[in-house]
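# build the 3D model from these lines:
(2 chains)
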Amino acid sequence: MYIFKYILKRIALMLFVFFVIITMCFVLVKMLPDMPAESFGKDMELILTRREGLGQIKLHRENGQILYVRYDSKGDILRDENGDPILTQKGDPLGRPWYDRVPILQQYGTFLTRAVKGDFGVGETYKLGSEVWTIFKNRLPYTVVLNLTTILISIPLGLMLGIFAALKKNKWQDHLISTGVMVFVSVPSFIYAFLVQYLFFFELGWFKATVDVSNGPFSWSYIFTAIPAILSMSFGTIAGFARYTRAELTEVLTSDFMLLARTKGLTRAQATVRHAMRNAMVPIFPMILGEFISIMSGSLIIERMFTIPGVGELYIGSIQAQPAPDYNFFMLLTIFYTFIGLAAGIVIDISYGIIDPRIRMGAR
Amino acid sequence: MENKDFNLENIPADQFQFANTAENLHDKKLKTKQMSYFQDVFNRFAKNKSSVVAAVIIIVLLIFAIVGPLFGNKAYVDSYRTDTMLVNYQYLKPRLPFMEGTGIWDGSTVLEVSENRYDVYRGMEEEIGHPIIQEVISTTTTTNVFNETSTLYKIRIDSYTALDTFLLTLTADQYLEIQKWQDETGIQVILPRVKTDVVGNNNIWYQSDRKGNAKFDADGNFIPSYYTSGYDDYTSKVRLENDPWTEEDPSAGWRYAQRTGTAESGYNYVVRLSAYNYFIYRYGFEPCFAFGTDARGFDIFSRLANGARFSFMLAITVSLINLLIGAIYGAIEGYYGGVVDIVMERISDILAGVPFTVVTVLFSLHLASKIGMVPSLLFAFVSTGWIGMASRVRMQFYRFKNREYVLAARTLGASDARIMFKHIFPNSLGTIITGSVLVIPGVIFSETSLSYLGIINLDSASVTSIGAMLSAGQSCMTTAPHVVFFPALFISLLMISFNLFGNGLRDAFNPSTRGVE
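Predicted coordinates:
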């Protein structure tokens, strides 16, 4: 009952933080100048109608027709004696549809009501005209499959290396593993990615530089062609797990209850598996859970390097779109990454209390 | 109670005697040496061998970053400002003067080339006189279905002397200047113009078929195919060895330039230049780049040093600003606690929740055009970076604020600010220093990743970052792995050493956590 109340409290707090961040980002994005509609050429009317649909602007219409303003020879907007622009129905090459901007907070309201229904608009400068949510939904499985494979490989290997090093503490095996772990934890993953690319693509020629996405994300052909990417990501993850496991286990192995376990007649293996491991898992298990949540977000760099069509690649693509970043994609992915980050944090916190009842989360 | 036998007030004088009859009395000197906290920390740190090595490596890298940019030849490094000549010197392999002839790090490269290309190298050797082909490793001859044989040569060549000759249009003054320099030094920069049979290949000075396969005379020598007519106004005494030119009959010689333009508007001369010798003429030294050159011909050594300097400066600035903001924020949170703490924690919670990429993108979109890329990057790093430091300081303040010495200070009337910064802060210094140092690799890593991804664009001719260099080197990894190798090595070394150094520092400051990773 107590833990239930705590979880509710944490989730409420998380949603609050989440909401504030999203609002902040939305306002900051909207404060940037929009791509001028003129730059879309003949798609101008379409883009503006879409923007109106997203509640960003308000077009002027008469009998369902969009009203245009015209320019004089100097490029100024033609205005009547009151200073209001003269609106006409038929657009000529020098005119453009006339619209008013909607206040940012009002736009935010529309954005939220649409976002709840899964509608984030369509791409304007990136993936022109395709629905943001659909693209995102299609991309997500690629990232998840890639990272899931990585983690499923890394966890057992990392734990095994860590346990082995802890049991052989201060022997050469431990020194070897610890040095390797130090190197692999420190060196950025894109450096291994370079090595892996160089080795597998150019020297050995085992893999092609692009992954096979013809059979979708849940196929062997995809996983197989993505092996170089999986490898480059695993090194760091394995090393991370190994280091953490070793540190926890060495600490537990020296505690008094281990001595007691040995005294009452357990073998070393029995004592390690039944007593030491269970206690060492207390901080490791939440870490694994956290990894599982954050697999969604993937690795921007690895996806970029191995041209994996995942969300990370989508994110970079939308930021680097020319001539301006695509704000519709950017907003959705910002929401996504923020949520994943916060959710991972909360799951880690809560799992501490669940796997070890002695830890009373949030207790004074 | 009164004791008659032992009257303390009236002890007779004869009952007193000296406790010590020595003439001089001194305080005993302390036998042990006094040691300050930092000396103690230093001693503990020095015992940790790997951390000391890491510290040395970091210092070397720092010196490289500070001094490195001064080493590059200034004329060469700055010449991108005036023209695009550098691109003729792209992908030169790393070369150290004392490694000459070892096959490693001597500017040589192993190539597999067709017979035709092999002849080009031989021809260039003969024409310019620099050795190019150092070693023929193997040859393979294949016969295709049409019974035509072709030979592949696996050769080791000097990437410096194998530079392509190129055409350049000079004004009359420039043309004369090069000739004057040639006469002074005797180095042949300007080569005779060739009747090119193979369009676009200026290396082929001998007769060849359209594909560029050389035609040989009866003795197996190349047959020159130079222009022997036209105006070149070439007065230099430096000429190719076989040049039929003689003092008596100058018109028989080969033509060293193609004159264009008219006498009124001033002549221009299109000349064919030896890239290696032109380099000596233009920059005043024989080309030798310790880390080679990249796709644009930039010297990787000075560029990497520049990038490293930028990274270090950014990281150290960020670390200092984080320390300042974080220390004040964390101190207030931790010291006052209660509602103040809760409200301030929520603020930092919110900031910490924004993904860093989003922060960088928003900052660069909003500010980069107004205040420049580098300041906006600095803002981005600081805007969320101080949170880590603040929470660290906050923990320390929670730990120390109810200690007796704080209570004593408060009883004596010390103000809150004095207690915070005079009493508690020095006690938590160890953790804070360790934290600040470890911010540096974090910032360098983020900056490298972001510039690698192109989210922040720091790559220009004058400024670069390691990430941008890595990203540029990736595209030519097969042909010129050295472009990506040196930046990658630098960042790896830096990260490993900082991690080791940070571990050592933490253990030294806080011996109770020693051995816990």
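# so what's the residue count around A:G240?
As a burial measure, A:G240 scores 18 neighbours (other CB atoms under 10 Å in any protein chain shown). C-beta: built from backbone N, CA, C; applies to glycine.
# ok, now how distant is B:E264 from chain A?
44 Å (CB to the nearest CB, to the nearest Å).
# identify the residue nearest A:S39 in space, chain neighbours excluded?
A:P323 (7.0 Å; CB to CB, 6 or more residues apart in numbering or on different chains).
# burial count for the one you found?
Around A:P323 there are 8 residues (other CB under 10 Å).
# quick one: it from chain B, how far?
Remark: distance between A:P323 and chain B (CB to the nearest CB) = 13 Å.
# my read is that that residue contacts A:T125, right?
Yes. The criterion here is CB atoms under 8 Å, and A:P323 meets it with A:T125 at 6.9 Å.
# for these two, list the residues in contact with both.
A:M35 (CB atoms under 8 Å, 6 or more residues apart in numbering or on different chains).
# in chain B, spot the helix with the most residues.
Counting residues, the longest helix found in chain B (DSSP state H) is helix B:300-336.
# CA atoms only for the helix or strand just after that one, dumped as CSV, please.
Per DSSP states H and E, helix B:300-336 leads on to helix B:338-353 as the next helix or strand towards the C-terminus. Extracted C-alpha coordinates of helix B:338-353, given in CSV (Å, rounded to 0.1, in the frame of the first residue of the first chain):
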residue,chain,number,x,y,z
GLY,B,338,12.9,22.5,3.6
VAL,B,339,10.7,24.4,1.1
VAL,B,340,13.6,26.2,-0.5
ASP,B,341,15.2,22.8,-1.2
ILE,B,342,12.0,21.3,-2.6
VAL,B,343,11.3,24.3,-4.9
MET,B,344,14.9,24.5,-6.1
GLU,B,345,15.1,20.8,-6.7
ARG,B,346,12.0,20.9,-8.9
ILE,B,347,13.6,23.6,-11.0
SER,B,348,16.7,21.6,-11.5
ASP,B,349,14.6,18.4,-12.1
ILE,B,350,12.9,20.1,-15.0
LEU,B,351,16.1,21.4,-16.5
ALA,B,352,17.7,18.0,-16.1
GLY,B,353,14.8,16.3,-17.8
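# which residues of the stretch 101-250 of chain A lie near chain B?
A:182-183, A:185-188, A:190-191, A:194, A:197-198, A:202, A:243-244, A:246-247, A:250 (CB under 8 Å from any CB of the partner chain).
# any idea which helix or strand carries the spatially closest residue to B:A214 that is not a sequence neighbour?
Nearest residue to B:A214, sequence neighbours excluded (CB to CB, 6+ apart): B:D119, at 4.4 Å. Per DSSP H and E: B:D119 is located in helix B:115-128.
# which residues are in contact with that helix?
B:113, B:130-133, B:150-153, B:155, B:157, B:161-162, B:165, B:188, B:191, B:201, B:203-206, B:211-214, B:222, B:240, B:274, B:276-277.
# swap the cut-off to 7 Å and go again
With CB atoms under 7 Å, 6 or more residues apart in numbering or on different chains as the test, helix B:115-128 has contacts from B:131-133, B:150-151, B:153, B:155, B:157, B:162, B:191, B:203-206, B:211-214, B:222, B:240, B:274, B:276.
# now those residues: which count as buried?
Buried members of the contacts of helix B:115-128, counted by 16 or more other CB atoms under 10 Å in any protein chain shown: B:132-133, B:153, B:155, B:157, B:162, B:191, B:203-206, B:212, B:214, B:222, B:240, B:274, B:276.
# narrow those to those in helices?
With DSSP H as the criterion, helices contain B:Y276 from among the buried ones among the contacts of helix B:115-128.
# contact partners for the nearest residue to B:T260 once chain neighbours are set aside?
Distances taken as CB to CB, 6+ apart put B:N268 closest to B:T260, at 4.9 Å, once the chain neighbours are dropped. By CB under 7 Å, 6+ apart, the contact list for B:N268 reads B:169-171, B:260-261.
# residue of the stretch 1-150 of chain B closest to chain A, please.
Of all residues in the stretch 1-150 of chain B, B:S50 sits closest to chain A, at 8.4 Å by CB to the nearest CB.
# in the stretch 251-364 of chain A, which ranges drop under the pLDDT threshold?
A:298, A:359-364 (pLDDT under 70).
# and it, which residues reach chain B?
Contacts of the stretch 251-364 of chain A with chain B, taken as CB under 7 Å from any CB of the partner chain, map to A:251, A:300-301, A:304, A:316, A:319-320, A:325, A:334, A:337-338, A:341-342.
# let's go with 6 Å and repeat that
A:300-301, A:304, A:316, A:319-320, A:334, A:337-338, A:342 (CB under 6 Å from any CB of the partner chain).
# now the helix or strand harbouring B:L168: average pLDDT?
Assigned by DSSP H and E, B:L168 falls within strand B:166-171. Taken as a whole, strand B:166-171 carries a mean pLDDT of 87.
# helices or strands next to that strand in the packing?
strand B:268-273 (3 or more CB pairs under 6 Å, 6 or more residues apart in numbering or on different chains; DSSP states H and E).
# got the angle for the strand it packs on vs strand B:166-171?
150 degrees (axes from the mean of the first three to the mean of the last three CA atoms, to 10 degrees).
# so which bits of the lowest-mean-pLDDT helix or strand in chain B are buried?
Scoring the helices and strands of chain B by mean pLDDT, DSSP states H and E places helix B:74-78 at the bottom, with a mean of 80. Going by neighbour count (16+ other CB under 10 Å), the buried part of helix B:74-78 is B:76-77.
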